[in-house]
Every structure is written in structure tokens, then in C-alpha cells.
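> predicted model, plus sequence, below.
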Amino acid sequence: MTPEQFRRVESLFGQAIELPAAERPDFLQRHCADDDAILEKVEGMLREDDSQGHSLESPALGATFCVSDLDAIETALMQELARVSHIHVLEKLGEGGFGAVYKARQLHPVRRLVALKVIKLGMDTQQVVARFAAERQALAMMDHPAIAKVYEAGATPSGRPYFAMELVEGVAITRYCDEHRMTIPARLELFVRVCHAVQHAHQKGIIHRDLKPSNVLVGEQDGQATPKVIDFGIARAVGDAVHSGGVVTIQGQPLGTPTYMSPEQAAGEPDIDTRTDVYSLGVLLYELLTGEPTLKPHTTQQATPAEVVLRVRELQAERPSQRAEEIARRNPGAANAAQRGTAPAALTRTLRGDLDWIVMAAIEHDRARRYETVAAFAEDIGRHLADEPIRAHPPTAGYRLAKFARRNRATLVVVLLIVAALVGTSIGLVRSIASEARARTDAQIAQEINAFLNNDLLAAVAPEALGSDVRVRDVLNAASLRVEGKFADQPEVEASVRLTLGRTFYRLAEFEPAKRHLERALTLRQQAYGDGDARTLEVFHDMGELITLTEEYATAEALLSRAFAGRKKVLGVDHAATLLSEYALGVAIGEQGRFAETEALITDALQRCRATLGPTDKQTLTTLRGLAVLYRSTGDFAKAMPLYEEVYALSRESLGVNSPNTLLTMQDLAGSLLARGDAKRALDLMIEAVAVSKSVRGDKHPGTLMAMGMLASAYQAADDVPRAEQVNLAAIEVARDVLPAGHAVTIRLSMMLAAIYDDTRQFDKAEPLLLTAVATSRGRLGEGNPLTQEALRRLASHYRAMGKSKEAAEVLKRQ
Amino acid sequence: MPSPADADVTRFLADFAAGDRAAITALMPKVYGELRRLAGVHLRDERAGHTLQPTALVNEAFIRLSDAAGSSVTDRMHFFRLASRLMRQILVDHARAKQSQKRGGDLARVTLSDISSPQATEVDLLGLEDALRKLESLDARKARLVELRFFGGLGEEQAAEAIGISRTQAAREWRVTRAWLADELTRGGAA
């Protein structure tokens, strides 16, 4: 059909549809008897025009394309790649976390077939390529038959980084071994060859960083299994870009698999060394031996990347022999033993002993306890194959204790805190010896504390005493009981012990017992040293912080003023302890709404911290953060945002993600982002923050609950209302359970929940929450308290959202 | 991450509005990438159905790519013209890839159906593409109209505005185009 014919079709159709149906055939016969094609076409069009419910009817109302997967993206990509002039894409080979891999022909500098790995969009191309270029020299020096060469790195027209590398024909080592039903010794021999290749790279200064089955391919040469390690240099180039952003995701998609990643790498630690490859190889060997990697596949399927990373870091894998046994029990039909040319019971026996210890030594969480090098790892496997004694040992008693401690991580943290504090106290006391007489007393104090430490506290956490599931509370309560009456004639010792216990309870947000211990410690020190002594001032400060948390701000201010003034006098104005008191005092005053005073105090403290402690010192960061919070609470985002970004970047870098300070800064930043409408980044931050907070501070910590509240708000902002409601409700439930009635955290969570309900027009659910929030806050904190004011504003906007402007005005009048 | 691409897009849209044809070429890969990414996200979310609504996608892409500067209505129209073309490209590429895989009849068939009447006849996307190609050679503006309404998810009025014709004219053209396409699809493009 020509455009002329089409115009005729259009015109005839236009005229025909104006006619009654009965007259149309005649009309058409008259006007296009000369052209059957046109006649037939217009007839067909009229038929279609009459039919109802055709799928072309109303596309704009929601035409939906049914597609079965993501190939659209990749196909388009192939076409784009054809535009990279010297590389012609031939076919797609596979897909991984980073992107897709194609078979391609490189025309320049050498005509050859290559594997082309194209990285997903969303990464900083220039950075990736530059990082690769930086390592290129080293990569070029690698020359090992079991290492695939990387030829080239570049970028596609739309900005995706790509890598051209040696094309390897082969399958993942795990699959190859299973398909060939390789026995355990045969697998070990093949694995040792992989180790040699990795060791070669290590000698050239290259760390792989992403060793996993799909990067260790096995093909055949002259009927011999030939392993080849691919992707050297790529994880570095790509992975650092990812880690500098903090989370192992690119725009919400998991990057690679964390299953084989070492804990230090998962934690985003900057100083990764060759031992990270030892770990990954250990997990790979684990899978070759048992049939599963350390992290069970089914536990990672539903998890978010951040959760998987956390699991990697907390994972306590059973020994390979235990896992093999467990697989057989879990799935009696499992093929893993048969794939190793043996029976389940025999497989377990083969793995028990040497191989257990070799693998466990490679996947030690603490890299200092791992095999020092891949060579040492391979040598031990060699010894086992030769029936010589291996170097990795079965665990000693100390090893067992460490294992126990790791199983009870939270408990261990507390015990270590207490131990560190007590030891610190005793050493500090010994150092401050002024006279011989005094020395005897201080030495006695130290001795007494150490005895208490050994006989009471550590005895209490011994698994034999309390069973394997020791809880923090059990430990502390046991210790508290033992203090009572034990130091009747040694008030100084009792004061130190009580201070430590008080601080520990305080850190765990157990405010009542914390207060009890601190009050006692204060009285004892006042009596022993007097009010102006640094040791007494220390307790004033701690009490002040605690009382700030329990929201008796005026009392807190009095205590902290005393600590600040005293420390200034005794320790000097630039002493870290003085600056800490200055900051804490600022916070207590800010909570009472006197922002100008707060700003003056915190700005002064910050300036002094930077000068005397340095810009990345923990205390400097806390102070910096405090200033950001202050500006935000006064609505000054222009001043607050850069401070938040600064403090987050510095905290993450210098303290790591597990630090409570980093957590707080994540929340703050997320909160500000939410306030400014960046829901996506806020959501990413909060998902990670909640996961970290749960693992570091526990499920019931007020900090975790507030983080959950913010996560809920981030979901709300991202339009995922069901999840928002679910997360917030979970937090409120815990808050009501564990916090004192009417606690600020509970009030804040209720207000957040009300906002979610208002947003979805469930006004009847929102209203009681807000009314209770206002009443509780007013009753406990007073009319003028910022929280009460905020609750009133929320109530007013709730009424406005309902269209009840009279009620809204009524509420605002009270402000 | 606040991508510099966002600012670029706004600038390119402005350039394009000012008549710079080169700008649109430069913008293509960016919008294309964004749409594909969004398509990916949507497809991942839809575990069971694997359905994809161009309207939602294109709007989402628009919001993401141009939220920084308050874009004018003209920019928006330019964007939809561009985005609808790209969306068409993506879906057709996808359909081709499926077909070339030849793995089982179900997988190879990519269909277009109307969500408002779930029982509606399914339309073969590749058939539609063939018909559209043909239509382009006969009457490019009508092909454009289909693109905007199907792949850009625009309503009659918006589509008319984007092409620069009156609403009445758009309605008339849509009726004839729809009939023409439907006939092409029914008879497999015999004519």
C-alpha cells in the first residue's frame, strides 16, 4: 500500500462511518470498485470499528504489557554495544549481580574472541574505569594458566562500564565437580590448583575480592579438568564504588552475592587484604565438600542485601561434617553424597577431623586467626592428602570460650564493657598515686575490683553457671546482687563498681537500676573525695546524662552545670571531659527550648573539640551532630543538612557502621532527607540502620524503636503504606511493653503512626493516637515542651486534613 | 545518589524545546536507561504477573528525571514524545529477544492486553510493531499517535497536545488508526 492509497482508505473510512451500516457496502462498491486491496481494507476496518471490547480500545486507561522477565533490558543493551566500534557482541552468555556477560569479538588491538562483562547502570563509570586503569599494570603482570586475563575496560555510549576479558569455556567449579561426581580427594586436588592461581595473583599484589563458584570456571583440556579464575581486578574497580556508598546495592539491587564475602569486606572495612580471598576460598571449599555454602541458600532468598550482609557478619557456620550430616537429615533424598561418589554417613566421616579444621581455619571471622596466606591454606590441604598432620588445630579451651562468647554476642559486649571499665578504673587509680598511704588504698581498691571481676562477674557469665543462653540482664542482675553489702568497709571500691554497673545499665537503657547505682556512687564519692574532686564530678556528669534521658531536664541541667563548672576548674576548659559536660549541658538546655544558649555552648564545644581532639574524634563527631540536630529542630535546614552529611561521612569512615554514633547520624540524615522529600535515599539508610541497630543495640532499645519509627515513615514517604503501618505498629508494641508509660519514644512513634493514617485518610484511627500523644506529653513534660508543641501541631494538621479548620484553629490557639 | 543526569535531562529538554535536534540524540540513552531500569524494578516487584504499565513507568521516569527544576508543560510533552518512543523500543526488543530464545510457547509470546477488560483479546506486540512500521511509512503522524497512547500512556487530549493537533482531529485520527491497526492485526497484515 502506498501513502496515496492510505489517504484514500482514510477518506473512505471517514465517509463510511457517517453512513448507516446498511448503506456502507453500496457506498464502498461505488467508490473503490477499481481497487480490491482498498475495498478489502476499508471493509475490514469497518468490522473492527464496530466490534466492542477490543484490546486497542482504551490504551491510555491502562494498557498492560505482559512480559516474562528482564530480557528487554539486556537485549537493548546488546544493540547499544554494537555501537562500541571495535567490539562486536555475538551472544549473551549469562547474567550476574554486576551485569551481563556476552561473547564478543574484539577487533582491536588484537582480533580475538572475548568475554564482555557489562556493568549495570547506576555506578560511577569514570570511577570504575579509573580504578581499573590504576590496577592495570599489576594485572598485566599476572601470568598464570589458571587465571583469565582482562584485556580492556571502557564505557558504552550510555555510560555503562564494560570489561573485555579472556573468553573461558567452562562451568562453575561446584557444578563441574557435581556433574562429574568427583570424590572428595579429587575435589581437593582441583581446589589446590585454584589456590595456586590465587596465590600467584597475591604475589603480584592483586586481591580478587569476589571469589565464588561462578568466578572459578572449570573446562577440560586433553580430558583433564582445568580450572580458570576469572574477573581479577573487576571486583576492586566495581566494588569500591559500591562500598564507598556504604551499602552493597546498586539502586536497590544486590550486587554480587555476599555469601562468599569475608566479614571484614561485608562490613565495608577499608583495609582489605589477601586474607579476604582466604575466607572466600574457605566458603567455596565448604560448598565443594558439603554441597552448600556456609550461609544456607534458603536463608538468603527473602532477605534484603543489607540483611544478608549482616548475616554474613554474624554467621556461625557449623563444621562441614556437621553440615553434611544436617543436610542428610533435612533432606534424606539429597544428592550431595552421591555426587561425591559416597554415602551420607561416609561423607560425614570423611569430613570429620582434618577437613573440618582446615575449612574452619579458613573461614575464621577474625582474619588474624585465619590461614595467613592462600599458600598456607593449600599446603594444609596437601598435608591432609598426604596424611601428614595438619597445622590447623581443633579448638582449644580459649577457642571454645571465644565461640561461646560469639554465640552470646550482646552478653559479651556488656561483659567486656564492664571489664574494660573496671580495669580502666583500677589502672587509673594506681596511676594517680600521690602518697604511699594513698597508694596502699588505691592498690587495695584495684585488687578488690579485680577480685570482684574474677570471682563474681566472670563467674556469673560462665556458661556452666547460667546455661548456654546467658542474657545481659542475668549477668548484670547477678553482679548487682553481689555488690550489695560486699564492700561495707571499702566505699571507694564500691563507688567504682557501682559507677561501672550504673553506666552499663544506662547504656542498655535500664534507667531505674542505672539511677540507683549512680546515686549510690555519687554519695560514696562525695563522702570520700568531696564535691570538687574530678572523680565526683565524673559521677555528676553521668547522672546528668542519665537524667536527661529520663527527661527531667531541669534536674539534669543542674547536675551538668555542676559537672561543667567543676571540670573547667579542675581539668581546664579544653579537656575532653570538660567539653563533654559542656555539650551535655547544651543538650539538656536545648531540650527545654532555650536554643540560643544551646547554640552558644555546643558551638564553643565543637570548636574546642576540633582543635584539641581532631576533626574525626568520636566526641567531635557527637558534638558536630548535636549542632546539626539543633539547627534542624529550629527548622534551619540550610545549616543542618551540610552538617548531617559531614557527620555521617566522617562517622562512617572513622567509626564504622556498627558504632551507635554512626547509627544516630544515619537516622538524622534520613530524617532530614525525608523532610526534604528524598524518600528513596532515606529508605535505604533506614533499612540498614534498623538492621544494624537491632544487632548492635538489641530489638528493644529505644534507639532501635525510634529507628523503626523512622523506617516506617520512610516507607510511608515511598508510598508503601502497608509496610509503614506494620513496622510502626511493631515498634509501638515493644515501646509500650518495655518503656515507662508515656515515654517520649512512645509518643513520637504514635505521632508517626497517626501521620501514616492521616496520609491514607484513616482519620478515625489517627485521632485517638494524637489526642493521647498531646495529653501524655502535656501531662509528663508540660505545655511548653517542644514535644507537646509538636503533638499539638500534628493534631491541628490532622484536623485540617479532615477539613475541620475550626478544630484546627482551636488547637493552634493553645500554642 | 543525586545523579548529574537529572540536571542534564532538564537542560536537554529545554534545548530540545528550543529546537535543538542534537539534544534529543544526547538525551535518548539517559531516558532509555532510566526507563529500562524502571521496567526492571517493576518486573522484579511483580513476582506473579510480570505486567508492566507504561503509563506508570513513563510518569515515574518523568518525575525522576526532571524533578529538580519545575518543568514546564511543554517540556513534559517533549518528554512524553521521547519516552513513548523509547518504551516502544524496549518492549519490542524484549519481545524479539523472547522470540529468539524459542524456549517454550508461553515464554516466547509477549502480549498486550487491556487491564480494564481482562478478557480482552491479546495483541501480539511484534505484530503491532510490524503494523506500526507499516503505518509509519504511510502516515507518520498516526504512528506517532499510537505510540503516545499505547507506550506513553497518554489520553486523547494529552496526545493531541503532544502532537500539536486539535482534540477533535485527534479523536477522528485515533478512530481510523485504531480500525486500521486492528484490521492489520486480525488479518496478519495481509493487505
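Arrived safely, thanks for sending.

> for chain A, just list every one of the strands.
A:63-66, A:87-95, A:99-106, A:112-119, A:150-155, A:161-166, A:171-172, A:216-221, A:224-229, A:249-250, A:253-254 (DSSP state E).

> adding mean pLDDT and mean neighbour count, write those strands out as CSV.
C-betas here are computed from N, CA, C, even on glycine. Shown next, in CSV, are these (pLDDT from 0 to 100; neighbours: other CB atoms under 10 Å in any protein chain shown):
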stretch, mean pLDDT, mean neighbour count
strand A:63-66, 38, 22
strand A:87-95, 74, 15
strand A:99-106, 79, 21
strand A:112-119, 82, 22
strand A:150-155, 77, 19
strand A:161-166, 81, 23
strand A:171-172, 90, 16
strand A:216-221, 90, 18
strand A:224-229, 92, 18
strand A:249-250, 32, 22
strand A:253-254, 34, 16
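
> lowest-scoring secondary structure element of chain B by mean pLDDT?
Taking mean pLDDT, DSSP states H and E as the measure, chain B has helix B:105-108 as its least confident helix or strand, at a mean of 34.

> okay, A:S158: pLDDT?
pLDDT for A:S158: 56.

> same thing with A:A514?
A:A514 carries a pLDDT value of 86.

> check contacts around it.
Counting by CB atoms under 8 Å, 6 or more residues apart in numbering or on different chains, A:A514 touches A:502-506, A:546.

> what about A:D489, neighbour count?
Neighbourhood size, A:D489 [other CB atoms under 10 Å in any protein chain shown]: 6.

> A:E484 too?
If we define neighbours as other CB under 10 Å, then A:E484 has 9 of them.

> which phi and psi does it have?
phi -50, psi 120 (degrees, to the nearest 10).

> wait, A:E318 sits on A:I327?
No - using CB atoms under 8 Å, A:E318 is not in contact with A:I327, being 10.7 Å away.

> quick one, which of these two is more surrounded?
A:I327 (21 against 14).

> find the nearest non-adjacent residue to that one, please.
A:A334 (5.2 Å; CB to CB, 6 or more residues apart in numbering or on different chains).

> confirm for me that that neighbour is in contact with A:E292.
No - using CB under 8 Å, A:A334 is not in contact with A:E292, being 9.5 Å away.

> and for those two, which residues touch both?
Between them, A:A334 and A:E292 share the contacting residues A:I327, judged by CB under 8 Å, 6+ apart.

> quick one: secondary structure of B:V146?
Look at B:V146: counting by DSSP: H, G, I helix; E, B strand; the rest coil, its state is helix.

> what's the distance between it and B:L132?
Look at B:V146 and B:L132: by CB to CB, to the nearest Å, they are 6 Å apart.

> these two: which is more packed in?
B:V146 (26 against 20).

> surely the more buried one and B:L135 touch.
Yes - using CB under 8 Å, B:V146 is in contact with B:L135, at 7.1 Å.

> identify the contacts common to the two.
In contact with both B:V146 and B:L135: B:177, B:181, using CB under 8 Å, 6+ apart.

> out of the strands of chain A, nearest to chain B?
Smallest distance to chain B across the strands of chain A (CB to the nearest CB): 4.5 Å, for strand A:63-66.

> quick one: residues contacting A:E767.
With CB under 8 Å, 6+ apart, A:E767 has these contacts: A:754, A:798.

> tell me, what's the model's pLDDT at it?
92.

> go ahead and confirm A:R697 touches A:T704.
Yes - between A:R697 and A:T704 a contact is recorded at 5.4 Å, counting by CB under 8 Å.

> run a quick neighbour tally on residue 143.
Reading this off chain A. 9.

> ah, I was thinking of chain B
20.

> how about whichever strand or helix holds it as CSV, C-alpha atoms only?
In this assignment (DSSP states H and E), B:A143 forms part of helix B:140-146. Output in CSV follows, covering the C-alpha atoms of helix B:140-146 (Å, rounded to 0.1, in the frame of the first residue of the first chain):
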residue,chain,number,x,y,z
ALA,B,140,3.9,9.1,10.3
ARG,B,141,1.7,11.3,12.5
LYS,B,142,-0.8,8.5,13.1
ALA,B,143,2.0,6.1,14.0
ARG,B,144,3.1,8.8,16.5
LEU,B,145,-0.3,9.0,17.9
VAL,B,146,-0.4,5.2,18.6
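
> having no further points to raise, I will conclude here.
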